[in-house]
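A.B. asks: no FASTA, just this:
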């Protein structure tokens, strides 16, 4: 039951984009078309889940036993950067179609604050191993949900009559605000 | 690119290349920590500190870094200074550190810092990089202050934690919640574009 709660809370209530404001750059940058938004979401979900696992292992098996938690930031970011590189090489070798779909988005993920945010938040919340995996998966799905919804709205927005000065990021941010307002409604789901 | 004077180098971070409104970099901390002016100021100061010292280090050792691993090296330098800032805040300003939570460590992935190293410090002499970093950092801090002032005054009726409005003002709770951050930044961006257009 607790795992379900963590999952739902990560997808809907504490949505990474709309609640923690993590991953805003790809959220605004790659949300012009639904298919590319979906690929980005998939890539992020994939890397997030793996990051959650690896960062938990590093944190609980190396950093905490040796009292090195002040190295958290440095070690997490290095792990994420090399992990992304590794995942990219692995996908290119094993699954060319998947590489075609995710390819250009993978390097961008290194500087996506959502990934590092996930590792740090999971460490902060003191989740166990299984909980961390669920948290990572849920957060990735939440990110995908938000970015795909946003892309859907923006495709329609292209045809709308937006004031000249608000075109581009301005109207995108206001749209995101309205979405965040809608997602606030989910807060009541969990007590 | 024409050589800029020192003052132009500094001023570009404030307006024409303002990191938030012009380059749309570093939006995550911008939105997340601006629910109170104190947090915005702390975030701005921490980011400026990290930006300044990483710029100094990277522009000093730029000839030693092989181009293939430059991004990784930049990140290690940045992460080191972020750790310093994080520990400093935790030791001397525990309340602020608690309020900012994971967003202090997240300065590592703030695109402004990596972006300035890649675009500027790795190509320019130390002094110019310092000026550039200061301009960008102060431009970022000012933007955070504007955003957080609006949100704190409208959202809690206070400024720097001091009550500002009388009892007649009912604070707009939405302004300190996530949607308020998006609305305020979106509208500010519109205003910024409008002013910029008028100036030309």
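C.D. replies: Thanks, I have the structure now. Remember, it's a predicted structure, so these values are computed and weren't measured experimentally.

A.B. asks: what mean pLDDT would you report for stretch A:40-59?
C.D. replies: Throughout stretch A:40-59, pLDDT has a mean value of 88.

A.B. asks: Name the residues that touch it?
C.D. replies: The set of residues external to stretch A:40-59 that reach it, using CB atoms under 8 Å, 6 or more residues apart in numbering or on different chains, is A:23, A:26, A:30, A:69, A:72, A:75-76, A:79-80, A:83-84, A:87, A:101-102, A:105-106, A:108-109, A:112, A:114-115, A:118-119, A:122-123, A:127, A:129, A:132-133, A:135-137, A:139-141, A:143-145, A:147-148. Placement of C-beta: from N, CA and C, glycine included.

A.B. asks: Mind doing that once more with 7 Å?
C.D. replies: When contacts are defined by CB atoms under 7 Å, 6 or more residues apart in numbering or on different chains, stretch A:40-59 is touched by residues A:26, A:30, A:75-76, A:79-80, A:83-84, A:87, A:102, A:105-106, A:109, A:112, A:114-115, A:118-119, A:122-123, A:129, A:132-133, A:135-137, A:139-141, A:143-144, A:147-148.

A.B. asks: Could you check it and say which residues are buried?
C.D. replies: For stretch A:40-59, burial by neighbour count (16 or more other CB atoms under 10 Å in any protein chain shown) applies to A:40-52, A:54-56, A:58-59.

A.B. asks: ok, longest helix in chain A?
C.D. replies: As assigned by DSSP state H, the longest helix anywhere in chain A is helix A:129-157.

A.B. asks: So what's the gap between that helix and the chain middle?
C.D. replies: The chain centre lies 7 Å from the centre of helix A:129-157; the measure is CA atoms, centre = their mean, to the nearest Å.

A.B. asks: Run the contact check for it versus chain B.
C.D. replies: No: against chain B, helix A:129-157 shows no contacts by CB under 7 Å from any CB of the partner chain, the least distance being 11.3 Å.

A.B. asks: Give me the helices and strands touching that helix, please.
C.D. replies: helix A:2-8, helix A:24-29, helix A:34-57, helix A:113-125, helix A:169-184 (3 or more CB pairs under 7 Å, 6 or more residues apart in numbering or on different chains; DSSP states H and E).

A.B. asks: centre of the chain versus the third one, how much separation?
C.D. replies: By that I understand helix A:34-57. Worked out by CA atoms, centre = their mean, helix A:34-57 lies 6 Å from the chain centre.

A.B. asks: next one: the very next helix or strand once past it to chain centre, how far?
C.D. replies: Next in sequence after helix A:34-57, counting helices and strands by DSSP states H and E, comes helix A:72-94. Averaging C-alpha positions (CA atoms, centre = their mean) puts helix A:72-94 15 Å from its chain's average.

A.B. asks: Which other helices and strands does helix A:72-94 contact?
C.D. replies: helix A:34-57, helix A:96-102, helix A:105-109, helix A:113-125, helix B:70-92.

A.B. asks: Which element, helix or strand, includes the closest residue in space to residue B:115 that isn't next to it in sequence?
C.D. replies: Sequence neighbours aside, residue B:25 is the residue nearest to residue B:115 in space, at 5.7 Å (criterion: CB to CB, 6 or more residues apart in numbering or on different chains). Secondary structure assignment for residue B:25, by DSSP H and E: no helix or strand.

A.B. asks: Pull the contacting residues for residue A:72.
C.D. replies: Listed by CB under 7 Å, 6+ apart, the contact partners of residue A:72 are A:63, A:123.

A.B. asks: go again using 10 Å as the cut-off
C.D. replies: A:55, A:58-59, A:63-64, A:119-120, A:123-124, B:79, B:83, B:86, B:105 (CB atoms under 10 Å, 6 or more residues apart in numbering or on different chains).

A.B. asks: can you check residue B:191 too?
C.D. replies: Per CB under 10 Å, 6+ apart, neighbours of residue B:191: A:165, A:166, A:170, B:21, B:146.

A.B. asks: thinking again about what came up before, how much space between the residue nearest to residue B:115 and residue A:184?
C.D. replies: From residue B:25 over to residue A:184 the distance is 27 Å, taken as CB to CB, to the nearest Å.

A.B. asks: quick revisit: can you tell me which of the contacts of residue B:191 are buried?
C.D. replies: A:165, A:166, A:170, B:21, B:146.

A.B. asks: will you turn those into TSV that also has pLDDT, distance to residue B:73 and secondary structure?
C.D. replies: Shown next, in TSV, are those (pLDDT from 0 to 100; distance: CB to CB, whole Å; DSSP: H, G, I helix; E, B strand; the rest coil):
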residue	pLDDT	distance to residue B:73	secondary structure
A:165	79	40	helix
A:166	82	40	helix
A:170	84	36	helix
B:21	80	30	coil
B:146	90	34	helix
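
A.B. asks: Okay, and residue B:64 sits in which element?
C.D. replies: Residue B:64 belongs to no helix or strand, assigned by DSSP H and E.

A.B. asks: okay, now it: neighbour count?
C.D. replies: Residues near residue B:64, counting by other CB atoms under 10 Å in any protein chain shown, number 7.

A.B. asks: So residue B:64 sits against residue B:77, correct?
C.D. replies: No: in this structure residue B:64 lies outside contact range of residue B:77 using CB atoms under 10 Å: 11.8 Å.

A.B. asks: neighbours around residue 153, how many?
C.D. replies: Reading this off chain A. 17.

A.B. asks: Chain B is the one I meant
C.D. replies: 18.

A.B. asks: picking up where we left off before, counting neighbours, which of the contacts of residue A:72 end up buried?
C.D. replies: Among those, the ones that count as buried (16+ other CB under 10 Å) are A:55, A:58, A:59, A:63, A:119, A:120, A:123, B:79, B:83, B:86, B:105.

A.B. asks: from these, which is closest to residue B:133?
C.D. replies: Ranking the buried ones among the contacts of residue A:72 by separation from residue B:133, with CB to CB as the measure, puts residue B:79 on top at 16.8 Å.

A.B. asks: My read is that that closest one contacts residue A:70, right?
C.D. replies: No: using CB under 10 Å, residue B:79 is not in contact with residue A:70, being 11.3 Å away.

A.B. asks: Quick one: residues contacting residue 100.
C.D. replies: Reading this off chain A. By CB under 10 Å, 6+ apart, the residues touching residue A:100 are A:39, A:91, A:92.

A.B. asks: Can you look at chain B instead?
C.D. replies: B:29, B:32-33, B:38-39, B:42-43, B:46, B:86, B:89-90, B:93, B:106-107.
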